[in-house]
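Peer 1: Please find the sequence and the predicted model below.
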Amino acid sequence: MGYGNTPSSVYKREMGHRRMAHDQETRRLFSKIQELERKNQAARASVKGKKLSQTKTDLKTFFEVMERIRT
């Protein structure tokens, strides 16, 4: 016998369906995690690029102001 009064074949089939559903959900979540990691990496690179660009602009402005002060 399976679980309760159900035949073992029904129980095994049900457990097989549950295992397949669990495996599918695991694969789906793993794919989602990978997608989010790629997006996070791209966002970090974008932010880093923007920060570097802003730093370059700030330094340029600083040196222009310093040059005006010197003269």
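Peer 2: Here it is on my side, so go on.
Peer 1: Helices along this structure, start to end?
Peer 2: 8-70 (DSSP state H).
Peer 1: Point to the residue nearest the middle of it.
Peer 2: The chain has Leu36 as the residue nearest its centroid, 2.1 Å off, counting by CA atoms, centre = their mean.
Peer 1: okay, that one: pLDDT?
Peer 2: Per-residue pLDDT puts Leu36 at 96.
Peer 1: State the distance from it to Phe30.
Peer 2: From Leu36 across to Phe30, the span is 11 Å (CB to CB, to the nearest Å). Where you see a C-beta, it was placed from the backbone N, CA and C, and this is true even at glycine.
Peer 1: for Val65, same thing?
Peer 2: Val65 is 52 Å from Phe30, by CB to CB.
Peer 1: ok, now Arg44?
Peer 2: 21 Å.
Peer 1: One more: Asn5?
Peer 2: Where Phe30 is concerned, Asn5 sits at a distance of 37 Å (CB to CB).
Peer 1: Looking at those two, which has the bigger crowd around it?
Peer 2: A count of neighbours by other CB atoms under 10 Å puts Phe30 above the other of Asn5 and Phe30, at 10 against 6.
Peer 1: quick one: pLDDT of the more buried one?
Peer 2: Looking at Phe30, its pLDDT is 97.
Peer 1: let's have the chain start at 2 instead
Peer 2: From this message on, residue numbering opens at 2, which makes the last subject Phe31.
Peer 1: who touches it in this structure?
Peer 2: By CB atoms under 8 Å, 6 or more residues apart in numbering, the contact set of Phe31 is empty.
Peer 1: shaky segments in this protein?
Peer 2: 2-4 (pLDDT under 70).
Peer 1: Need the residue in it that's farthest from the chain's center.
Peer 2: What lies farthest from the middle of the chain is Thr72; by CA atoms, centre = their mean that is 51.9 Å.
Peer 1: Arg14: how many residues sit nearby?
Peer 2: Arg14: 13 surrounding residues under other CB under 10 Å.
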